[in-house]
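Asker: Here's my sequence, what's the structure:
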Amino acid sequence: MIKNKTTDEQFKKWLEESEGMNLEFKKAENSFSKTKNLPDYCAAIANEGGGKLILGVDNNKNMFGTSAFLGTSDGLSHYLLQNLGIRVDVEEKIYQEKRAIIFHIPARPVGRIVRSTGEYNYPMRAGSSLVEMNQDKIKEILNETEPDFSCQNVKNFSLADIDEEAIDNFKKIWAKKQNKKDYLTFSMEKTLKSIGAMDDEGLNNAALILFGKKRKIDQLLPCAEIIFEWRQVSKIRHDFRKDWREPFFKIYDEIWEVINARNLRFPYHEGFIQKEVVAFNEESIREAIANAIAHRDYNVQSSSIFIKATSEKFSIKSPGGFVNGVNADNILEKSEWRNRRIAEIFQLAGLVERSGQGMDIIFGNTIQEGKGLPDFLGTDNYSVTLNIPATVKDKEFIMFLERIINQRQIALSFEEILELEKIREEKKVKDIDFKDKFIKLGIVEKVGKTSGSQYVLSHRYYSFKNKLGLYTRIVGISRDEKKQLILTHLKKNERGFARDLKDAFPDLKPKDVSNLLQELKKEGKIKHKGSDRGGYWILLNK
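Answerer: Down below sits the predicted model:
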């Protein structure tokens with residue numbers, strides 16, 4: 001949906017301009033390829049900084065009109081978002097009684113190339129044509145870095161616009177974290193300069209976001225806002241909503257208190273000791289919120305940080321995609337800040353982990369509480385969504401690991417706990433990094449031989465969980481047991497056709513069944529009679 005429709009005056013102005021990197025006219029009187037030309041031109045224009053693709057106008061600016069995508073243009077924006085990862089607004093425009101289609105194409109994100117699904121991989125403009133992006137251009141884009149918004153100075157923003165309560169709150173946690181009581185005596189100006197929120201040129205955006213008075217945030221940066229919604233799982237509309245547009249160090253405790261007021265507790269017993277797991281872990285939730293403040297893109301003025309919570313999960317969505325070089329697959333290894341000055345101030349106060357993004361804290365807590373793995377479903381080039389599960393999926397997993405740790409007097413690293421959780425979720429994995437340690441501790445065992453071997457949580461775990469049947473199903477039966485099953489079948493039925501034996505082992509490939517039969521033949525226990533296709537197997541030495 002286009003908020004501001006193109007006026008006749010604006011359209012006429014485009015017709016008077018020369019085509020270039022950011023403006024392309026196509027006659028497309030009858031059609032325009034949805035799978036080739038459309039993604040190629042949209043990707044190329046995005047890679048050149050964004051612009052317009054207009055159908056229904058030829059290169060000489062003559063208005064022909066177009067019947068391309070007639071009746072289907074409403075679905076093009078979604079199609080392009082799915083294929084290119086960018087949101088292209090599509091507008092139908094009647095000009096001089098003829099139909100044109102305008103594609104409003106955004107610029108590619110900093111440090112990223114928009115890949116096409118058409119005839120090109122990474123298209124760019126070369127005059128009026130499209131060409132494949134050369135290696136020099138690719139390297140130039142990938143080496144781009146985003147300017148640190150948080151350290152940029154702000155005009156019309158002075159010490160009189162700083163919220164004293166926010167400063168006082170910060171000084172208390174700063175002094176406690178650094179174990180320096182004299183920080184409590186610092187003046188407002190000395191505090192701000194000491195933490196990099198102010199220099200000789202004035203106050204910066206970090207000072208505005210973390211310490212600025214509400215009226216100043218309303219005036220200068222209204223997108224610096226946090227919205228919280230709570231709803232029942234089955235409901236579409238929220239049951240409670242709270243908005244904050246205040247300096248962060250004034251409201252950081254209040255945000256947690258509002259969330260915690262809706263917390264749920266899951267009690268469980270370990271022997272005679274009663275324990276509990278809460279739906280919303282305070283350390284994880286505070287870390288997630290601080291990360292959103294430090295990582296969001298404040299240049300996206302139309303969006304706020306949005307928190308949605310239910311009894312099943314906590315989701316926090318922040319404007320701006322992942323920082324260049326970071327994605328959902330490597331986020332636990334890579335540490336990149338979008339707003340480094342804010343991150344550094346948070347580190348001084350102990351609000352975020354010094355080593356980086358603190359995702360290992362969130363993942364580690366969630367796994368050790370038996371809730372499974374957080375994920376980033378809903379993330380795209382324009383926002384990052386972190387989903388933290390709130391319900392306990394496997395409390396026995398927590399208790400089992402605690403028992404191993406206490407009995408053996410050992411510690412498990414975050415990486416080791418993460419790997420164990422992946423085994424728990426996937427049931428079987430092909431390879432693991434800590435197999436020797438896990439096998440020695442009795443947490444994991446190896447199933448199968450040679451290249452076909454896999455790793456599963458041990459019989460000891462499934463016994464502790466009282467799910468030995470599940471263990472048997474996951475592990476399956478041994479090779480010798482499979483061979484004995486074949487012998488039993490032949491003894492009872494006197495002969496065995498290939499189709500019958502395949503039915504006996506629905507999870508095995510025909511080649512695997514054939515290998516079992518050949519092994520039994522070499523052992524002198526069975527033989528084959530008849531043709532390869534119509535023959536059957538019988539027992540020897542009945």
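Asker: what sits against residue 350?
Answerer: 173, 177 (Cβ atoms under 8 Å, 6 or more residues apart in numbering). Where you see a C-beta, it was placed from the backbone N, CA and C, and this is true even at glycine.
Asker: Distance check, it against residue 290.
Answerer: With distances taken as Cβ to Cβ, to the nearest Å, residue 350 is found 10 Å from residue 290.
Asker: Please apply the same query to residue 218.
Answerer: 23 Å.
Asker: Equivalent analysis for residue 372, please.
Answerer: Taking Cβ to Cβ, one finds residue 372 at 23 Å from residue 290.
Asker: go on, residue 168?
Answerer: According to Cβ to Cβ, residue 168 and residue 290 sit 19 Å apart.
Asker: More neighbours: which of those two?
Answerer: Shown here are residue 168 and residue 290; by other Cβ atoms under 10 Å, residue 290 has more neighbours (22 against 14).
Asker: quick one, phi psi at the more buried one?
Answerer: phi -60, psi -40 (degrees, to the nearest 10).
Asker: surely it meets residue 359?
Answerer: No. Residue 290 lies out of contact with residue 359 (Cβ atoms under 8 Å); the separation is 11.8 Å.
Asker: does residue 423 count as helix, strand or coil?
Answerer: helix (DSSP: H, G, I helix; E, B strand; the rest coil).
Asker: And for residue 252?
Answerer: From three-state DSSP, the assignment for residue 252 is helix.
Asker: now residue 223
Answerer: With three-state DSSP as the basis, residue 223 sits in coil.
Asker: That one: neighbour count?
Answerer: Neighbours around residue 223, by other Cβ under 10 Å: 17.
Asker: if I pick it, what's in contact with it?
Answerer: 298, 300, 301, 302, 303, 304, 319.
Asker: As JSON lines, those with neighbour count would be great.
Answerer: JSON lines is the format used below for the contacts of residue 223 (neighbours: other Cβ atoms under 10 Å):
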{"residue": "298", "neighbour count": "21"}
{"residue": "300", "neighbour count": "15"}
{"residue": "301", "neighbour count": "12"}
{"residue": "302", "neighbour count": "8"}
{"residue": "303", "neighbour count": "18"}
{"residue": "304", "neighbour count": "20"}
{"residue": "319", "neighbour count": "21"}
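Asker: how about JSON lines for those residues, with secondary structure added?
Answerer: Shown next, in JSON lines, are the contacts of residue 223 (three-state DSSP):
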{"residue": "298", "secondary structure": "coil"}
{"residue": "300", "secondary structure": "coil"}
{"residue": "301", "secondary structure": "coil"}
{"residue": "302", "secondary structure": "coil"}
{"residue": "303", "secondary structure": "coil"}
{"residue": "304", "secondary structure": "coil"}
{"residue": "319", "secondary structure": "strand"}
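Asker: Please report the distance of residue 432 from residue 453.
Answerer: 11 Å.
Asker: Those two: which has the busier surroundings?
Answerer: residue 432 (19 against 11).
Asker: Local confidence estimate at that one?
Answerer: Residue 432 is assigned 80 on the pLDDT scale.
Asker: Quick one: classify it as helix, strand or coil.
Answerer: coil.
Asker: The one 5 residues further on now?
Answerer: Secondary structure of residue 437, reduced to three states by three-state DSSP: helix.
Asker: neighbours of residue 514, just the number please.
Answerer: Residue 514 has 14 neighbouring residues, counting by other Cβ under 10 Å.
Asker: how close does it sit to residue 162?
Answerer: According to Cβ to Cβ, residue 514 stands 78 Å off from residue 162.
Asker: swap in residue 105?
Answerer: Note on residue 105: its distance to residue 162, by Cβ to Cβ, is 41 Å.
Asker: One more: residue 317?
Answerer: Taking Cβ to Cβ, one finds residue 317 at 29 Å from residue 162.
Asker: quick one: which of those two has more around it?
Answerer: residue 162 (24 against 20).
Asker: Now do the shared contacts for residue 432 and residue 453.
Answerer: Counting by Cβ under 8 Å, 6+ apart, residue 432 and residue 453 have no common neighbour.
Asker: In three-state terms, how would residue 169 be classified?
Answerer: Put simply, residue 169 is helix when judged by three-state DSSP.
Asker: ok, now which ones touch it?
Answerer: By Cβ under 8 Å, 6+ apart, the neighbours of residue 169 are 249, 250, 252, 253.
Asker: ends of stretch 84-103, how far apart?
Answerer: 14 Å (Cα to Cα, to the nearest Å).
Asker: Check the offset of that stretch from the chain's centre.
Answerer: 31 Å (Cα atoms, centre = their mean, to the nearest Å).
Asker: where do the helices sit along the stretch 51-200 of the chain?
Answerer: For the stretch 51-200 of the chain, applying DSSP state H, counting those that start in this stretch gives helices covering 76-84, 135-142, 164-178, 188-194.
Asker: In the first one, which residues are buried?
Answerer: Burial within helix 76-84, assessed by neighbour count using 16 or more other Cβ atoms under 10 Å, is assigned to 76, 77, 79, 80, 83, 84.
Asker: Also the shortest one?
Answerer: Counting neighbours by 16+ other Cβ under 10 Å, one finds that the buried residues in helix 188-194 are 188, 191, 192.
Asker: Please, which helix or strand holds residue 276?
Answerer: strand 273-278 (DSSP states H and E).
Asker: still on that earlier bit, let me know the closest of the buried residues of helix 188-194 to residue 129.
Answerer: For the buried residues of helix 188-194, the minimum distance to residue 129 (Cβ to Cβ) is 53.2 Å, reached by residue 192.
Asker: so the residue lying closest to the closest one once chain neighbours are set aside bridges to which residues?
Answerer: Spatial nearest neighbour of residue 192, chain neighbours left out: residue 198 (3.8 Å); criterion: Cβ to Cβ, 6 or more residues apart in numbering. Beta-bridge pairing for residue 198 (DSSP bridges): residue 203.
Asker: any chance of the buried residues of helix 188-194 in a markdown table, with distance to residue 477 and pLDDT too?
Answerer: Putting the buried residues of helix 188-194 into a markdown table (distance: Cβ to Cβ, whole Å; pLDDT from 0 to 100) gives the following:
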| residue | distance to residue 477 | pLDDT |
| --- | --- | --- |
| 188 | 73 | 96 |
| 191 | 69 | 95 |
| 192 | 69 | 96 |
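Asker: Much appreciated, bye for now.
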